[in-house]
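A.B. asks: Provided below are the primary sequence and the corresponding predicted coordinates.
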Amino acid sequence: MIYVHPAAEPFFIRGETDSALLLLHGFTASPTEVYPVADLVHAANFSTVSGILLPGHGSDPRFLNRCTWEDWYRAVEIELDYFLASYEHVYVGGLSLGALLAMYAGLKLKGIKGVIAINAPIYNRKPLLTRCAPLLKYIKPYFPKQVDEEMRELEKAGRFAYRVMPVKAYQSLMELRKIIMQEISGLKIPLLVVQSRLDESVDIRSGRYLHKKTQAAGSSLLELGMSAHIASMGPEKERIAQEIVTFMAADPKGNL
């Protein structure tokens, strides 16, 4: 049995309506980084909100380097299958890697009402790592992150994340990114795109790209002026939650 750090446990907030939202965390992180928004959404509309721990996360970076995007998506699909069988109005969203997985689910699964993508890594601010990953994974399989004041503050606030980047797993994330870029224009359900202007990892063009590609499906774009990459724990988390609540309420068959 794989050890899971106490700060990386999944969460399930049971609601009182027939609406449910699955919120997915980012690469190397854990559900704690999306919990603040999840809790605010639940408090506002009484929907069920869940955050799963993606395979390879919350334990040891070595386990993550053995995983692919298909492994992460299988875990997402299992949770969404339960939601779709249990709730009338199902939404899926995520931060960073979680946003990519949410969009993929929106493309592949029937019955989902809408998707929320927060700081999806379409255009990376560190393209050199992306280009070098196929070779780097053999030379330096774990790339150290810069431990700065922001990371320390997030850890103090309860976020659990690895302090290294497992390069092989990162390469798989980039494979999923490529698939999303190729297929996202085929999305048939509404997409709420949230993009931080101060994101240190993802270029602001990412949100605008997704919005442009999905306008036919009824997408909307929210650009945040004060938030960094982990916007779900930042100064505008309340605004993100309110946009999600409004997005869910727009479902013409919803009861919110």
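C.D. replies: Yep, that arrived.
A.B. asks: Below-threshold pLDDT in the protein: ranges please.
C.D. replies: Applying pLDDT under 70 to the chain flags the ranges 1, 128, 251-256.
A.B. asks: mind listing the strands for it?
C.D. replies: Taking DSSP state E to define them, one finds strands in the chain at 11-13, 19-24, 48-51, 89-95, 112-118, 142-144, 164-166, 191-196, 220-224.
A.B. asks: So what touches the last one?
C.D. replies: Translated: strand 220-224. The contact list for strand 220-224 (Cβ atoms under 8 Å, 6 or more residues apart in numbering) reads 190-198, 204, 207-208, 210-211, 231, 234, 236, 239-240, 243, 247. The C-beta positions use only the backbone N, C-alpha and C, and glycine is treated the same way.
A.B. asks: and with 10 Å instead?
C.D. replies: Strand 220-224 has contacts (Cβ atoms under 10 Å, 6 or more residues apart in numbering) with 116-119, 190-199, 204, 207-208, 210-212, 214-215, 231, 234-237, 239-240, 242-244, 246-247, 250.
A.B. asks: just the buried members of these?
C.D. replies: With neighbours counted by 16 or more other Cβ atoms under 10 Å, the contacts of strand 220-224 contain buried members at 116-119, 190-196, 199, 204, 207-208, 210-211, 214, 231, 234, 236-237, 239-240, 242-244, 247.
A.B. asks: Please name the nearest non-neighbouring residue to G225.
C.D. replies: Closest residue to G225 apart from its sequence neighbours, by Cβ to Cβ, 6 or more residues apart in numbering: R197 at 5.4 Å.
A.B. asks: Next: L109.
C.D. replies: Once flanking residues are discounted, L109 sits nearest to L80: 5.9 Å by Cβ to Cβ, 6+ apart.
A.B. asks: Surely that neighbour and K113 touch.
C.D. replies: No: counting by Cβ atoms under 10 Å, L80 does not reach K113; the two are 11.7 Å apart.
A.B. asks: What's the local residue count around A157?
C.D. replies: Neighbour count of A157, defined by other Cβ atoms under 10 Å: 12.
A.B. asks: err, D81, not the other one
C.D. replies: Going by other Cβ under 10 Å, the residues that sit close to D81 add up to 12.
A.B. asks: got a list of what it touches?
C.D. replies: Here D81 is in contact with 109, 111 (Cβ under 10 Å, 6+ apart).
A.B. asks: Ok, Y138 next?
C.D. replies: Counted by Cβ under 10 Å, 6+ apart, Y138 has contacts 167-168.
A.B. asks: That concludes my questions; thank you for your assistance.
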